[in-house]
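1. What would the 3D arrangement of this be:
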Amino acid sequence: MENFVVSARKYRPTTFDSVVGQHHITNTLKNAISSQHLAQAFLFCGPRGVGKTTCARILAKTINCQNITPEIEACNECESCRSFNSNSSFNIHELDAASNNSVEDIRNLVEQVRYAPQTGKYKIYIIDEVHMLSNQAFNAFLKTLEEPPSYAIFILATTERHKIIPTILSRCQIFDFNRIRIEDMVRHLGGIAQKESIQAEPDALHLISQKADGALRDALSIFDQMVTFSGSNVTYKATVENLHILDYDYYFRLTDHLLAQNLAGSLLLFDEILKNGFDAHNFLVGIGEHFRSLLVCKDPQTVQLLEVSDNIKAKYAEQAQKSSVSFLLSGLNLVSTCDMHYKSSKNQRLHVELCLMKMAHLNAALSFAQDGVELKKAKVGATAPASTATTGAPPVPSAAMQPNGVPSQQLQQSATGTVPSESLQQHSPGAVPSQGLQQPPKPQQVTPDAHIAPPQAQAAPAPAPERTRPGIPLPPQKKLSKIPSLKDLGNKQAAVAEVAVAEEAEEEHYGTITPVDQARLKTVWHSILRRKREENMMEYTLLNRQYHISEDNEIVLHLENHVMMDQFTSLRPAILGELKKELGNRSIKLRAEVVEMQDERKLYTSQDKFNYLAEKYPVLVDLKQRFGLDTDF
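-> Residues are numbered from 1 along each chain as shown. Got it, this is the predicted structure:
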């Protein structure tokens, strides 16, 4: 029975051209070999399974090859290549730093470096997982790494570059290996399947490549596992079943339920996923990835970011057309918030179900918000005054009449002051008397502190133009004011009556309008401060400030900064109501302003104190001169 060799070893690259997904590394190494600009030490960094050790072996083999091909590859025919292929080369040494990380191991290595190669040109030392060396071993290796013999080359490989001390990094030529792209892994797995006479579906190879997370060695191991499970026919369904992966179909079905606002279907699908043994957190992360893929498909320029097979990509494009950008962004926000709080949640299933409930009603919420915006725009458009400016003299229609029988031109002239109101009564026996068309008296202004909504401010009347004779058109660029309707007059009179009633009610509640009694105010203010000191020390500190009273009974509190102003805004209504009630004065107003505190001059030395007193009492200067006093006391 033939021994089975895993694909990661059987199909391990032996030439630079066969390395997958690291062309920037292989091209640089080939150019260094052809130009004979080889560094004394190389450091290969990158994640697992991307070809670091493989490239180190290919480099070591090619450097010692006696007949390098024009493509800068090893010939595999010379003595050095044959000994390397049979693992019997005396010039290429591999050391696993994970198990040989002590100072003694490095000293033995340094002793071997002292001896020149018997055959070949170079002695190459490949140290894998070099970050596992101890600090003492690194320090013992420093001198040799900095000044090695001309025939010695060191190739270090590591997955954790940050653990290597800087003195080692500065002595190496560093190469950073990339994660293998999914397309490159799919192509490589497809070639191996063809060589092994295995039927593999492209969707299955894509799924294996995504599961490998950029590591080709992991992808090859998963591929061997799937071949063992399903035989010579690797299908997408078998891959999903064996690898225990949440299928794309789950997320497509879930998104359809969410778009249709089918909450029951979403919860039942989540329950099915849990019963199949999948983790709820992985399901939550998968929703975010699915929404991100749908969002990527919305723009043709970003479709290339979607690393899936063509069949799955077509499904994404179809569902992306049904989903709005607002829905996807809001859903991503909900999933991200749920993901952040998942670990700290006591009932994690309910936490995910609550997220699904919110997403199931996203379309309804977005539709409601859109309707509100459109309604607001419609109201703004309806209330905006229409522009009546004319570019020339408008024609005077002779037969245009208003519903009350008055010619429209005369009504407009009456509204602008060009025709007396008596002419309206002569031309329209059934019209409203002229007294009804006069502007009502303006209501009394109500202070902002009153507990009623102030009536809308009336538009200022347009200045009356000069009187003109009937039949002569108005001059251009004049705006004609609109005649007030009976409905508007009724609303204004009702508003005036409402303000009067509110004022009477407020007067009964708070008292009459009188100047503020400062002594009484001081007593009430200290009473409020005593109560606040017992209830809320923060509010007491905020109110325990200086204040002054303006002419219109406005109490102005002095604050130090704008943060205190924000706190005062929330506290102001309650304090103002209490002041009005205790003082029996409804005209009191309360506001605050930020007063910059000026730094007072500090008196430190005796001379400063004397100068300060001399400014207030100039006689001290004379006394000092007469008696010869010294200020340093």
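2. what helix or strand is the most centrally placed residue in the chain on?
-> In the chain, the residue lying closest to the centroid (C-alpha atoms, centre = their mean) is N333, at 9.5 Å. According to DSSP states H and E, N333 maps onto helix 325-340.
3. The helix or strand following that helix to helix 325-340, inter-axis angle?
-> Heading C-terminal from helix 325-340, the first helix or strand you meet, by DSSP H and E, is helix 348-360. Angular relation of helix 348-360 and helix 325-340 on a 0 to 180 degree scale: 170 degrees, by axes from the mean of the first three to the mean of the last three C-alpha atoms, to 10 degrees.
4. Output the below-cut-off pLDDT ranges for the stretch 501-633 of the chain.
-> Across the stretch 501-633 of the chain, residues meeting the criterion (pLDDT under 70) sit at 501-513, 596-604, 631-633.
5. Break down it into its strands, ranges please.
-> Under the criterion DSSP state E, counting those that start in this stretch, the stretch 501-633 of the chain carries strands at the ranges 547-549, 554-559, 589-594.
6. Note down every partner strand of the shortest one and its orientation.
-> Sheet pairing for strand 547-549, assigned by DSSP bridges, gives strand 554-559 (antiparallel).
7. just to revisit the earlier point, so which of the strands of the stretch 501-633 of the chain has the densest surroundings on average?
-> Mean neighbour counts were taken over these using mean count of other C-beta atoms under 10 Å, and the top value, a mean of 18, falls to strand 554-559. The C-beta positions use only the backbone N, C-alpha and C, and glycine is treated the same way.
8. Could you pull out the strands in this structure for me?
-> According to DSSP state E, the chain carries its strands in the segments 41-45, 92-96, 123-128, 152-158, 173-176, 199-200, 233-234, 547-549, 554-559, 589-594.
9. Okay, domains of this structure per the record?
-> Per the record, the chain has its domains at 7-176, 182-243, 248-365, 518-594, 599-633, by automatic domain parsing.
10. Distance across the third one, terminal residue to terminal residue?
-> Which is domain 248-365. The stretch domain 248-365 measures 27 Å between its terminal residues, going by C-alpha to C-alpha, to the nearest Å.
11. Let me see the mean pLDDT of that domain.
-> Domain 248-365 comes out with an average pLDDT of 89.
12. one step back: output the helix holding N333 as CSV, restricted to C-alpha atoms.
-> The C-alpha coordinates for helix 325-340 follow below in CSV (Å, rounded to 0.1, in the frame of the first residue of the first chain):
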residue,chain,number,x,y,z
VAL,A,325,-28.6,51.7,1.0
SER,A,326,-30.4,53.2,4.0
PHE,A,327,-31.6,49.7,5.0
LEU,A,328,-28.2,48.1,4.7
LEU,A,329,-26.4,50.9,6.6
SER,A,330,-29.0,50.9,9.4
GLY,A,331,-28.8,47.1,9.6
LEU,A,332,-25.0,47.2,9.8
ASN,A,333,-25.2,49.7,12.6
LEU,A,334,-27.6,47.5,14.6
VAL,A,335,-25.4,44.4,14.0
SER,A,336,-22.3,46.3,15.1
THR,A,337,-23.9,47.5,18.3
CYS,A,338,-25.3,44.0,19.0
ASP,A,339,-21.8,42.5,18.4
MET,A,340,-20.1,44.9,20.8
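13. circling back: among the strands of the chain, which is nearest T26?
-> Counting by C-beta to C-beta, T26 lies closest to strand 173-176 out of these; the figure is 10.0 Å.
14. ok, back up a step: got the strands of the stretch 501-633 of the chain as a markdown table, with distance to H290 columns?
-> Formatted as a markdown table, the entries for the strands of the stretch 501-633 of the chain read as follows, by distance: least, C-beta to C-beta, whole Å:
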| stretch | distance to H290 |
| --- | --- |
| strand 547-549 | 61 |
| strand 554-559 | 52 |
| strand 589-594 | 52 |
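15. for these, which one sits closest to I25?
-> So among the strands of the stretch 501-633 of the chain, strand 589-594 is nearest, using C-beta to C-beta, at 63.1 Å.
16. Contact partners for T144?
-> Under the criterion of C-beta atoms under 8 Å, 6 or more residues apart in numbering, the neighbours of T144 are 110, 113.
17. Quick check: the gap between it and R586.
-> The span separating T144 from R586 equals 94 Å under the rule C-beta to C-beta, to the nearest Å.
18. same thing with F84?
-> Taken as C-beta to C-beta, the spacing of F84 relative to R586 amounts to 102 Å.
19. Looking at the two, which is more packed in?
-> The neighbour count for F84 versus R586, taken as other C-beta atoms under 10 Å, is higher for F84 (24 against 21).
20. how many neighbours does the nearest residue to the more buried one once chain neighbours are set aside have?
-> For F84, the nearest residue in space outside its immediate sequence neighbours is K61; the separation is 4.9 Å by C-beta to C-beta, 6 or more residues apart in numbering. K61 has 23 neighbouring residues, counting by other C-beta under 10 Å.
21. I'd like to know how far K61 sits from A74.
-> Using C-beta to C-beta, one obtains 5 Å as the distance from K61 to A74.
22. for the closest residue to D213 other than its chain neighbours, what are its contacts?
-> Of all residues not flanking D213 in the chain, R179 sits nearest, at 7.7 Å (C-beta to C-beta, 6+ apart). Contacts here follow C-beta under 8 Å, 6+ apart; on that basis R179 touches 21, 46-47, 50, 213-215.
23. Name only those of those that count as buried.
-> Among those, those scoring as buried are 21, 46, 50, 214-215 (criterion: 16 or more other C-beta atoms under 10 Å).
24. Among those residues, which ones are in helices?
-> By the criterion of DSSP state H, membership of the buried ones among the contacts of R179 in helices covers no residue at all.
25. among the domains of the chain, which is nearest V380?
-> Between V380 and those, the shortest separation by C-beta to C-beta is 22.4 Å, and it involves domain 248-365.
26. Make TSV out of the strands of the chain and add distance to F627.
-> Below are these laid out as TSV (distance: least, C-beta to C-beta, whole Å):
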stretch	distance to F627
strand 41-45	86
strand 92-96	94
strand 123-128	91
strand 152-158	86
strand 173-176	84
strand 199-200	112
strand 233-234	112
strand 547-549	46
strand 554-559	45
strand 589-594	49
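27. Which one of these lies nearest to L274?
-> From the strands of the chain, taking C-beta to C-beta, the stretch that ends up closest is strand 233-234, at 28.1 Å.
28. For the spatially closest residue to L354 that is not a sequence neighbour, give me its contacts.
-> Here the nearest residue to L354 in space, its sequence neighbours aside, is C338; by C-beta to C-beta, 6+ apart that works out to 7.8 Å. Remark: with contacts taken as C-beta under 8 Å, 6+ apart, C338 is in contact with 284, 351-352, 354-355.
29. One more: I72?
-> Taking C-beta under 8 Å, 6+ apart as the definition of contact, the neighbours of I72 are 16, 30, 33-34, 62.
30. if you look at those residues, which of them are in helices?
-> With helices identified by DSSP H, the entries of the contacts of I72 that belong to them are 30, 33-34, 62.
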